[in-house]
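K.L.:
Starting from these lines, generate the structure:
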Amino acid sequence: MGFFTDTSVCIGCKACEVACKEWNGVPDTGFDLLGLSYDNTGALTANSWRHVAFIEQPAAPAPAPAAGRTQFLGMPGATPPGRDSTAPRTDFRWLMMSDVCKHCTEAACLDVCPTGALFRTEFSTVVVQEDICNGCGYCVSACPYGVIDKRAGDGRAWKCTLCYDRIGAGMTPACAQACPTESIQYGELDELRRRADERLAHLRDAGVSSAQLYGHDPGDGVGGDGAFFLLLDEPEVYGLPPDPVVTTRDLPKMWRRAGLAALAMAAATVAAFVGGRP
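P.N.:
Okay, the predicted model is just below:
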């Protein structure tokens with residue numbers, strides 16, 4: 001089971017953020033605007049398991065202001081000097097995206113957890129058992145998306161559980177249930193991938209050439225994501241890594257090399273000891 005998030009129909013209402021906090025008892029956060037956009041949480045954290053990003057994207061680079069003149073840096077909806085306030089804005093667009101833990105098929109956080117606090121559920125999602133987490137933070141650095149975070153004053157790792165308690169009872173995750181535009185869709189991954197392919201084809205036919213799927217391919221560096229997205233621009237624009245790779249991919253090779261090096265040193269030590277005896 002998983003999520004398909006179609007960012008082309010996200011309206012930035014933040015209903016998913018609120019529903020997630022209410023159902024999971026996630027602490028309050030994000031009451032202060034960042035001063036960069038209407039975004040008030042900034043990123044996924046231990047206290048924000050859903051994050052609605054607001055990206056104001058200019059249609060074209062703004063010309064440099066003339067010498068001696070001040071460049072207008074108004075907030076969206078404000079009117080630059082000399083422009084008709086009743087005219088529709090065509091110089092920018094909003095890109096909105098409700099981000100969440102990707103529930104990777106090849107999850108590095110699972111590989112590095114020393115206590116078994118992180119586990120793979122029967123729905124192939126990844127969940128943290130907070131009562132077993134010892135706060136080591138290995139999963140934080142192992143996540144290729146920077147999703148997992150340690151809660152201040154608590155010390156343990158927290159992230160989206162894909163509402164494990166709800167889906168186990170046959171219910172829809174709180175965020176998907178609350179989404180008014182069905183930007184967040186929940187279901188079996190095969191069915192979600194089929195829907196995503198159809199939606200992408202529709203947008204491409206409509207002339208949206210920049211539309212693309214992210215985390216959709218089981219052959220990518222993390223084996224495909226359990227929560228994937230339809231984006232309207234490159235992943236970097238949304239703050240996502242373009243080619244995520246499971247960070248523990250090379251661990252077996254590293255351990256083999258370390259073992260061979262240790263054996264070689266032991267053999268050299270024995271040879272030196274034996275060769276030095278009269």
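K.L.:
now the helix or strand where residue 140 lies: how far from the chain's centre is it?
P.N.:
Following DSSP states H and E, one finds residue 140 within helix 138-142. Here the centre of helix 138-142 is set off from its chain's centre by 14 Å, with Cα atoms, centre = their mean, to the nearest Å.
K.L.:
OK, contacts around residue 208?
P.N.:
Contacts for residue 208 were tallied using Cβ atoms under 8 Å, 6 or more residues apart in numbering; they are 8, 232. C-beta: built from backbone N, CA, C; applies to glycine.
K.L.:
quick revisit: the helix holding residue 140 - what's its average pLDDT?
P.N.:
For helix 138-142, mean pLDDT is 91.
K.L.:
just checking, what packs against that helix?
P.N.:
For helix 138-142, the packing partners by 3 or more Cβ pairs under 8 Å, 6 or more residues apart in numbering; DSSP states H and E come out as helix 108-112.
K.L.:
immediately after the helix it packs on, which helix or strand?
P.N.:
Per DSSP H and E, the helix or strand that comes after helix 108-112 is strand 118-120.
K.L.:
So which bits of that next one are buried?
P.N.:
Under the neighbour-count criterion of 16 or more other Cβ atoms under 10 Å, strand 118-120 has residue 118 buried.
K.L.:
partners of it, with directions?
P.N.:
The pairing partners recorded for strand 118-120 under DSSP bridges are strand 126-128 (antiparallel).
K.L.:
What's the mean pLDDT across the strand it pairs with?
P.N.:
94.
K.L.:
residues making contact with it?
P.N.:
By Cβ under 8 Å, 6+ apart, strand 126-128 touches 101, 103-104, 107, 109-110, 117-121, 139, 148, 156-159, 161-162, 164, 226.
K.L.:
Output the below-cut-off pLDDT ranges for this structure.
P.N.:
Under the criterion of pLDDT under 70, the regions of the chain flagged as low confidence span 30-31, 36, 59-90, 249-264, 266-278.
K.L.:
do that again at 50, thanks
P.N.:
For the chain, residues meeting the criterion pLDDT under 50 lie at 61-79, 254-255.
K.L.:
quick one, what contacts residue 199?
P.N.:
6, 8, 230 are the contacts of residue 199 under Cβ under 8 Å, 6+ apart.
K.L.:
Quick check: it vs residue 16, distance?
P.N.:
Residue 199 sits 19 Å away from residue 16, going by Cβ to Cβ, to the nearest Å.
K.L.:
coming back round to it: mind listing what's buried along the helix holding residue 140?
P.N.:
Buried residues in helix 138-142 (16+ other Cβ under 10 Å): 138, 139, 140, 142.
K.L.:
tell me which strands and helices the next helix or strand after it is in contact with?
P.N.:
Where DSSP H and E defines the elements, the next helix or strand beyond helix 138-142 is strand 149-150. When contacts are defined as 3+ Cβ pairs under 8 Å, 6+ apart, strand 149-150 packs onto strand 157-158.
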